[in-house]
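**Student:** Curious how this folds, go ahead:
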Amino acid sequence: MEEIRLLSLVIPSYNQEKMIGKNIVSLNTVLSALPFKHEIIVVFDGINKKSLTKLKKLENKNIRIYGYLDNRGKGYAVRYGLLRAKGDIVGFIDAGMDIDPTGVSMLLNHMVWYNADIIIGSKLHPVSQVNYPNIRKVLSWGYRTFTHILFGFKVKDTQVGLKIFRKKVVDDVFPRLIVNDFAFDIEVLAVAYALGYKRIYEAPVKLHFKNVSSITSKRYLEIIAYMIYNTLGVFYRLHITHFYKYKRKYKRLRP
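**Tutor:** I've put the predicted structure just below:
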């Protein structure tokens, strides 16, 4: 694999205006310690113009900030940022910083070691350090089994909000994607794998899940139903209609 010259990392943000400034500074400090250049692309998935103008003051040579008024989903925000990235390695990390950003360097090391197409952070890696509720562990196991049956790839954990890709993979895969919400991660991996990008590996993360009680049991059931529905939609488009065979113009990804 060629030497990394520029890393682009997207932060999709929704309802994070109060903490995002601190998180951006923290991430920028971590990435500045790496032996190559970086850029941080923050995408506010639904924000008013006043707040966006205020937050744009954080922009510098390493930080670009985008935003639009309507909330369109994490998947949309990630695509919006990645398709504007300039790096030869590009990725995204969740805005809440439940995931320790120092783990980015571990993913990059794995990218080089395995000459990978995609490296994903994994709660189930043997050396990951994780603290998250038991109900999420059960849901993760069930969803993992479900997706293995449908799509065939062997990664154990598809849902952690830290993933990096070779730029070639992003340019080929992401213009084909349409899922904006909970099944976004599985659509990325399923389409990439189907297109021949099969060097997908997991790397350890340090994750401390916050706001454990913020989602009710009823909400969990709604999320499960929606994820299953969207995941079956990915399978249908991939194997029945062959929707992902062609790239789409990404003019839809305008503010």
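**Student:** what's the weakest-modelled helix or strand in the protein?
**Tutor:** helix 134-151 (a mean of 78; mean pLDDT, DSSP states H and E).
**Student:** counting contacts, what elements does it pack onto?
**Tutor:** When contacts are defined as 3 or more Cβ pairs under 8 Å, 6 or more residues apart in numbering; DSSP states H and E, helix 134-151 sits against helix 184-194, helix 217-235. No exception for glycine: its C-beta is placed from N, CA and C like everyone else's.
**Student:** any chance of those in CSV, plus distance to residue 144 and mean neighbour count?
**Tutor:** Below are the helices and strands packed on helix 134-151 laid out as CSV (distance: least, Cβ to Cβ, whole Å; neighbours: other Cβ atoms under 10 Å):
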stretch, distance to residue 144, mean neighbour count
helix 184-194, 10, 23
helix 217-235, 11, 14
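**Student:** returning to that earlier point: following element in sequence after the least confident helix or strand of the chain, please.
**Tutor:** strand 162-166 (DSSP states H and E).
**Student:** if we can go back for a sec, which outside residues touch the least confident helix or strand of the chain?
**Tutor:** Helix 134-151 is contacted from outside by 123-124, 153-154, 156-159, 186, 189-190, 193-194, 209, 220, 224, 227-228, 231-232, 235, 238, using Cβ atoms under 8 Å, 6 or more residues apart in numbering.
**Student:** and if you look at stretch 50-67?
**Tutor:** Residues from elsewhere that reach stretch 50-67 (Cβ under 8 Å, 6+ apart): 17, 20-21, 24-25, 28, 31-32, 37-47, 80-81, 84, 255.
**Student:** taking these one by one, which sit in strands?
**Tutor:** Of the contacts of stretch 50-67, the ones assigned to strands by DSSP state E are 37-45.
**Student:** And the residue of the chain positioned farthest from its centre, which helix or strand is it part of?
**Tutor:** Distance to the chain centre peaks in the chain at residue 50, reaching 26.8 Å (criterion: Cα atoms, centre = their mean). Remark: residue 50 resides in helix 49-55, with elements defined by DSSP H and E.
**Student:** now the helix or strand immediately after that helix in the chain, how far from the chain's geometric center?
**Tutor:** Downstream of helix 49-55, the next assigned helix or strand under DSSP H and E is strand 63-68. Relative to its chain's centre, strand 63-68 lies at 16 Å (Cα atoms, centre = their mean, to the nearest Å).
**Student:** List the buried residues for strand 63-68?
**Tutor:** Using 16 or more other Cβ atoms under 10 Å as the test for burial, strand 63-68 gives 63-68.
**Student:** tell me which of the residues you listed is nearest to residue 179?
**Tutor:** Distance to residue 179 across the buried residues of strand 63-68 (Cβ to Cβ) is lowest for residue 68, with 18.1 Å.
**Student:** List the buried residues of stretch 48-66.
**Tutor:** Applying 16+ other Cβ under 10 Å to stretch 48-66 flags 52, 55, 63-66 as buried.
**Student:** These into a markdown table, with extra columns for pLDDT and distance to residue 198?
**Tutor:** Below are the buried residues of stretch 48-66 laid out as a markdown table (pLDDT from 0 to 100; distance: Cβ to Cβ, whole Å):
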| residue | pLDDT | distance to residue 198 |
| --- | --- | --- |
| 52 | 87 | 39 |
| 55 | 86 | 39 |
| 63 | 94 | 34 |
| 64 | 94 | 32 |
| 65 | 93 | 35 |
| 66 | 93 | 32 |
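**Student:** Find the residue closest to residue 129 in space, skipping its chain neighbours.
**Tutor:** Spatial nearest neighbour of residue 129, chain neighbours left out: residue 206 (4.5 Å); criterion: Cβ to Cβ, 6 or more residues apart in numbering.
**Student:** Number of residues surrounding the one you found?
**Tutor:** Per other Cβ atoms under 10 Å, the neighbour tally for residue 206 reads 17.
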